[in-house]
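Asks: Generate coordinates for the sequence data below:
(2 chains)
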Amino acid sequence: MIIKEIEEILGFKLERGQNLITKPTERNDLIIDKLSRISHKRDDLERVKELFKKALEGQSDEMLWSTLGYVHYMLEEFSEAISCFYNTIKCCHINVDNWVDLSFGYRCLGDIETSNFIFWNLSELITEFCNMDNKINEDILRELIDKVRKGNKDKSLSRLIYNRKLSRTKNKRSSLFRR
Amino acid sequence: MNIIYRPKEYCKEYAEISCGQLPQLIAVRKGLKPVIDELIPIEKYQEFKSVCSKYGLKMKPGWGYVEVAESRILDSIDGDKLTTTKYFGFPFSGKQKEGFVRVFIAKDEENIKLAQRFGWYPLVVKGRAIIKPFIDYLRFGKVLGYPECCVDFFKRYNDHSKFSNLYETYKNTNGELNYLCNCLFFDFTYSLIHHIPCSYNCKDTIKYAGALLKEIQNEDPDFAAKIEYYQKLPFLVFGEKNIYAFEGHSKGNEIHYTKSMYIGRPIDKKFGKEIEQGNHMIIEDEKIEIFKDNNLICKIDKEKPEDGFMLQFK
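Replies: As a prediction, the model looks like this:
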């Protein structure tokens, strides 16, 4: 019932797919883009935020946590958005979109270094996460980052991948990359 | 027609490294714009930093970019959206030797920090396309100093699957098209603005571009004159990166020309040969006809009016 009410306020269905690390595709849900286009309707966003919190009482659900995170993101409540994205990862750590959301959350908060690290080490973080007993919060993320950093130092994994890509790449100048 | 302006003195050092956004860099120097972002060759990074410093500007790096073949980008796309990126991305450390680096340039650190937060472009990172949430495009637009009305318009109409943003702007224009609102050259030196305006006579855009043109007239009158000349040419627009400019004149829905110039990505270029061969065209909602000395040499049937429309700024 609550979800239906949220969908009526937002004007679209809450459907969110998964984007697995094993398949390198771009994100395949459009909820955050649809929310972006109605981001000026702040009263509606405040209403659905409360409804999401109600819907999450006594349960944890990937789609609900992620969408509540997006609503906070729209309202520029980035710390709250990040907390929601941690909960999303707890629900499903193999969905890359959840980590990408977390990374953009840190980026918008101004923590560019953490954001960059997550983007660059998605598969390493997901692999390490499997050994973390399905717990995730700020402290555990730092622990994970340290582990991946040390691992990369030993194996120079990131460097290897980067060098391999560079060697296969032509170096041409163009300014036509913009959307 | 020369598509890129090379200054002889003012901002000469900047233009030797990257000149697409020359007017915008001048706007930052003159305090008319808070911040810009640029893509510069990595090997020029230190030199570029020195140039900014000489101009009293601060510069911070974003991500590194390496251009790759389209087929390798396509491997990373399998969603409902399309990405226009041509780059693999990597965190810039200052040690890399190849590729490009995104840089943010402003007079003060605060605006650079804001730009770093929202200034992410579609990039393929380790084989996966990473695209920022659409709202961050809007936030970035505001950080770059674009008028609020234009950012709101972009929010509604910058959806390539549904709209041609440039055509929607045209539909939203009452009266004459003001050349100060011409964004068609925006990566090619001669546009005073680097955003798609909400209308081609948007008051806030005219205010900004008018002030910038005055500053350019003071510093480099030759550049200012060229901007005015290029902005008032007749244009045939197929898309944001698929535009023809003509040396000639327009009358009603007709263009008479002696030369044409393509502003866009070579991959999108269509009808180039026919347009180059012709010297006159008639543009209607359903079709475009190209003539050479009154002889029809090509007829282009259109599905929608925006599939090739004319713009003439005054």
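Asks: quick one: the strands in the stretch 101-250 of chain B?
Replies: Using DSSP state E, counting those that start in this stretch, the strands of the stretch 101-250 of chain B run over residues B:123-125, B:128-130, B:234-239, B:242-251.
Asks: Just the buried residues of the longest one, please?
Replies: Along strand B:242-251, the positions that meet the burial threshold by neighbour count (16 or more other Cβ atoms under 10 Å in any protein chain shown) are B:Asn242, B:Ile243, B:Tyr244, B:Ala245, B:Phe246, B:Gly248, B:Ser250. (C-beta placed from N, C-alpha, C; glycine too.)
Asks: Is B:Gly94 in a helix, a strand, or coil?
Replies: Of the three states, B:Gly94 takes coil according to DSSP: H, G, I helix; E, B strand; the rest coil.
Asks: My guess is it contacts B:Tyr45. True?
Replies: Yes. Between B:Gly94 and B:Tyr45 there is a contact at 7.2 Å, judged by Cβ atoms under 8 Å.
Asks: Least confident secondary structure element in chain B?
Replies: helix B:70-74 (a mean of 67; mean pLDDT, DSSP states H and E).
Asks: Please export the C-alpha coordinates of whatever helix or strand comes next after that one as PDB.
Replies: Counting by DSSP states H and E, the next helix or strand C-terminal to helix B:70-74 is strand B:87-91. Presented in PDB, the C-alpha positions along strand B:87-91 are these (Å, rounded to 0.1, in the frame of the first residue of the first chain):
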ATOM      1  CA  TYR B  87      37.200   7.600 -23.200                       C
ATOM      2  CA  PHE B  88      38.500   5.200 -20.600                       C
ATOM      3  CA  GLY B  89      39.000   6.900 -17.300                       C
ATOM      4  CA  PHE B  90      41.700   6.500 -14.600                       C
ATOM      5  CA  PRO B  91      42.500   8.400 -11.400                       C
END
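Asks: which secondary structure elements does whichever helix in chain A runs longest contact?
Replies: Longest helix in chain A, counting residues (DSSP state H): helix A:138-155. Packing partners of helix A:138-155 (3 or more Cβ pairs under 8 Å, 6 or more residues apart in numbering or on different chains; DSSP states H and E): helix A:78-91, helix A:112-120, helix A:122-129, helix A:157-167.
Asks: Just put those helices in TSV and tack on mean pLDDT and distance to chain B.
Replies: Shown next, in TSV, are those (pLDDT from 0 to 100; distance: least, Cβ to the nearest Cβ, whole Å):
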stretch	mean pLDDT	distance to chain B
helix A:78-91	94	9
helix A:112-120	93	5
helix A:122-129	86	7
helix A:157-167	42	5
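Asks: which ones are touching the closest residue in space to A:Leu20 that isn't next to it in sequence?
Replies: Counting by Cβ to Cβ, 6 or more residues apart in numbering or on different chains, A:Ile94 is the residue found nearest to A:Leu20 once chain neighbours are left out, at 5.8 Å. Taking Cβ atoms under 8 Å, 6 or more residues apart in numbering or on different chains as the contact definition, A:Ile94 lies against A:Gln18, A:Leu20, A:Ile21, A:Ile126.
Asks: Using CSV, lay out the helices and strands packed on helix A:138-155 together with distance to A:Phe12 and mean neighbour count.
Replies: Shown next, in CSV, are the helices and strands packed on helix A:138-155 (distance: least, Cβ to Cβ, whole Å; neighbours: other Cβ atoms under 10 Å in any protein chain shown):
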stretch, distance to A:Phe12, mean neighbour count
helix A:78-91, 19, 21
helix A:112-120, 28, 20
helix A:122-129, 28, 20
helix A:157-167, 37, 14
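Asks: Distance-wise, check B:Lys60 relative to B:Glu38.
Replies: 12 Å (Cβ to Cβ, to the nearest Å).
Asks: for A:Glu57, same thing?
Replies: 49 Å.
Asks: sorry, back to before: and the longest helix of chain A, how far from the chain's centre?
Replies: 18 Å (Cα atoms, centre = their mean, to the nearest Å).
Asks: returning to that earlier point: want to throw the contacts of A:Ile94 into TSV with secondary structure?
Replies: Shown next, in TSV, are these (three-state DSSP):
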residue	secondary structure
A:Gln18	coil
A:Leu20	strand
A:Ile21	coil
A:Ile126	helix
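Asks: Could you tell me which of those count as buried?
Replies: Counted by 16+ other Cβ under 10 Å, these give A:Ile21, A:Ile126 as buried.
Asks: Could you find which two of the contacts of A:Ile94 are furthest from each other?
Replies: A:Gln18 and A:Ile126 (12.7 Å; Cβ to Cβ).
Asks: Low-confidence stretches in the chain?
Replies: I'll assume chain A. A:24-26, A:28, A:132-134, A:152-179 (pLDDT under 70).
Asks: right idea, wrong chain: chain B
Replies: For chain B (pLDDT under 70), the answer is B:1-2, B:71-84.
Asks: switch the cut-off to 50
Replies: Where chain B drops to pLDDT under 50, the residues are B:79-80.
Asks: near chain A, which residues of the stretch 151-300 of chain B?
Replies: B:Asp152, B:Lys155, B:Arg156, B:Asn158, B:Asp187, B:Lys241, B:Gly264, B:Arg265 (Cβ under 8 Å from any Cβ of the partner chain).
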